[in-house]
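K.L.:
Here's a sequence, model it:
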Amino acid sequence: MLLPISNTSKSSHKKQLFKINQFLNNNKRKFLGLITIFFILFWIIPSPSNSSVYDSSPSIISKLFHGAKKSPRVMIILAANTGGGGVLRWKSEQEFAIERLSISNKRNYCLKHGYGLVVKDLTTAKRYSHEYRESWQRVDIIKQTMREFPDTEWFWFLDIETLIMEPRMSLEDLIFNKLDSVAERTVQQFNPLAFPINIPHVDYSEEPDLLITQDCTGFNLGSFMIRNTDWSRLLLDIWWDPVAYEQKHMIWDHREQDALESIYASQPWARSKIAFLPTRLINALPHGACGEDPNKHKYFYNSLENDFTVNMMGCAYGRDCWSEMQGFMTLYEVKNNKWYNKIFGI
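P.N.:
Modelled structure (predicted):
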C-alpha cells in the first residue's frame, strides 16, 4: 500500500531542486568550459595505447605531450608520401594500399615492444626534384628525426615496401643484446663490390654505430640502423654534403648508396664504426630482386628459417609491388595468427 506524501516532504523536495538549479545556473560557464577542455584534450592528445607511435607533424599540444614523456629506446623511421603526391607524379590506388599496409605493420610491431614509430611525409621532396635528389631524403629525414628525439638511442630506417614478418622478436633479443656475435666488422666474408679488405688506421674495437646489409648491388639502404651519437651526426653531415654529390652524381647510379660506399672504401674513421648484419636478418629480398644470383641463400627470404624483415627492393621496376606485398602479408597472417600465438602471445 502506497503511503501519501506529506506536504512537508513535497516542500523539502522543491527546496532541494531549487538549490540544484540555482547552483547549475551560477556555474554554467564553468561547466561549459570544463566540457570544452575535455573534448579538446580527447581529440588532440593521443591515447596511452598509442603512446609509442608518433606523428611526423604533431600539433603544438601533442608536441608538449610527447616532450614530457620518455623517448623510446628504438625509433622506426618510415618515409611515405602519405599526402597523395609524389615528386614527379601522383600515386596510384595500389601505392596508397601499400603505404597503409606497411604503416599498420610497423605500428603493430612498435606497440608490441614499446618502440616508437615516426612516419615522415615525402611530399616535400619536390624541393629536390630539380636535381633528382629524392632518394637522398633518407639522410635528411634521419638528421631531422634525431633532432626531434635526442634521447632515443637507435633509429631504424625502413623503406615503405617492407614488412616485419616475425613481430614476436624484439630488436634487443634479435640484435642489440648480441651485437658482437651477430654483426660482421669486415667485408671479408661477403664483398660484392670488391672493397679492399683492410685499410690503415681502422679500429674495429670500437662499438659500431651504423648497422647495414649488403646484396648483389652492394650496400642495401632499404633497411638499416644508426645509433644516436656524435659520430653518426658527423657521418650524416658528410654523407649529405652536396659537394660530393655534384662531383659524382653523373656516375653514381645509386646516388646516396654510392656516396656511403665511397666513404666506407676510403675513410678509416667511418669503417671503424660500421658493421654488417646478415642480409636476411633485417633486409631479406623476394626471389627475383637480384636475379638468379649464386649468393641467393644470403639474401633471399626463407620462411622456414623465420627471416625477420622482407624488403620488396626494386619491385617498381619490372615486378608488381602490390602482388608481392599481398603475398608476404598472407604469409604473415598464416605465420602469426595460429591458435597458440593468440593464447600464449608468442
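
K.L.:
now the strands: where do they sit in the stretch 151-300 of the chain?
P.N.:
154-158, 162-164, 210-215, 218-227, 274-276 (DSSP state E, counting those that start in this stretch).

K.L.:
any idea how far Trp240 is from the residue lying closest to Cys315 once chain neighbours are set aside?
P.N.:
In this structure, Cys315 finds its nearest non-sequential neighbour in Cys321, 3.9 Å apart by Cβ to Cβ, 6 or more residues apart in numbering. Any C-beta I mention is one placed from the backbone N, CA and C, and that applies to glycine too. Taking Cβ to Cβ, to the nearest Å as the measure, Cys321 falls 28 Å from Trp240.

K.L.:
can you list the domains in the protein?
P.N.:
Domain assignment for the chain, taken from automatic domain parsing, gives 49-280, 281-346.

K.L.:
Make a markdown table from these and add mean neighbour count, distance to Leu34 and mean pLDDT to it.
P.N.:
Compiled in a markdown table, those are given as follows (neighbours: other Cβ atoms under 10 Å; distance: least, Cβ to Cβ, whole Å; pLDDT from 0 to 100):
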| stretch | mean neighbour count | distance to Leu34 | mean pLDDT |
| --- | --- | --- | --- |
| domain 49-280 | 17 | 17 | 82 |
| domain 281-346 | 16 | 40 | 82 |
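
K.L.:
and of the ones you listed, who's closest to Ile35?
P.N.:
Relative to Ile35, the nearest member of the domains of the chain by Cβ to Cβ is domain 49-280, separated by 17.4 Å.

K.L.:
And Asp209, its phi and psi?
P.N.:
Backbone torsions for Asp209, taken as degrees, to the nearest 10, come to phi -110, psi -10.

K.L.:
For it, list the residues it contacts.
P.N.:
Asp209 is in contact with 226-227, 229, 231-232, 235, 273-274, counting by Cβ atoms under 8 Å, 6 or more residues apart in numbering.

K.L.:
hey, C-alpha coordinates of stretch 177-189 in CSV?
P.N.:
Output of stretch 177-189 as CSV, limited to C-alpha atoms (Å, rounded to 0.1, in the frame of the first residue of the first chain):
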residue,chain,number,x,y,z
ASN,A,177,71.9,-7.9,-26.9
LYS,A,178,74.3,-10.0,-29.1
LEU,A,179,75.7,-7.4,-31.5
ASP,A,180,79.3,-8.7,-31.2
SER,A,181,78.2,-12.2,-32.4
VAL,A,182,75.6,-11.3,-35.0
ALA,A,183,77.4,-8.5,-36.9
GLU,A,184,80.5,-8.7,-39.2
ARG,A,185,83.0,-6.0,-38.8
THR,A,186,84.8,-6.5,-42.2
VAL,A,187,83.7,-7.4,-45.7
GLN,A,188,85.9,-10.5,-45.8
GLN,A,189,83.0,-13.0,-45.7
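
K.L.:
coming back round to it: isn't the residue nearest to Cys315 right up against Gly314?
P.N.:
No - checked against Cβ atoms under 8 Å, the pair Cys321 and Gly314 is beyond contact range at 9.4 Å.

K.L.:
contacting residues around Arg233?
P.N.:
Contacts of Arg233 by Cβ under 8 Å, 6+ apart are 143, 146.

K.L.:
Can you tell me how far it is from Arg227?
P.N.:
10 Å.

K.L.:
Kindly report the same for Trp154.
P.N.:
Distance of Trp154 to Arg227, computed by Cβ to Cβ: 6 Å.

K.L.:
Likewise for Val74?
P.N.:
With Cβ to Cβ as the criterion, Val74 and Arg227 are 10 Å apart.

K.L.:
Pipe the contacts of Asp209 into CSV and attach distance to Asp180 per row.
P.N.:
As requested, the contacts of Asp209 are exported to CSV (distance: Cβ to Cβ, whole Å):
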residue, distance to Asp180
Ile226, 18
Arg227, 15
Thr229, 18
Trp231, 18
Ser232, 19
Leu235, 21
Lys273, 14
Ile274, 15
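
K.L.:
Would you point out the most distant pair within the residues you listed?
P.N.:
Across the contacts of Asp209 (Cβ to Cβ), the longest gap, 12.6 Å, separates Thr229 and Ile274.

K.L.:
ok so, going back, in CSV, list the domains of the chain along with distance to Ile35.
P.N.:
Putting the domains of the chain into CSV (distance: least, Cβ to Cβ, whole Å) gives the following:
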stretch, distance to Ile35
domain 49-280, 17
domain 281-346, 39
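
K.L.:
Mind listing the shared neighbours of Val74 and Arg227?
P.N.:
153-155.

K.L.:
still on that earlier bit, OK, contacts around the residue nearest to Cys315?
P.N.:
Contacts for Cys321 (Cβ under 8 Å, 6+ apart) come out as 94-95, 98, 161, 312, 315.
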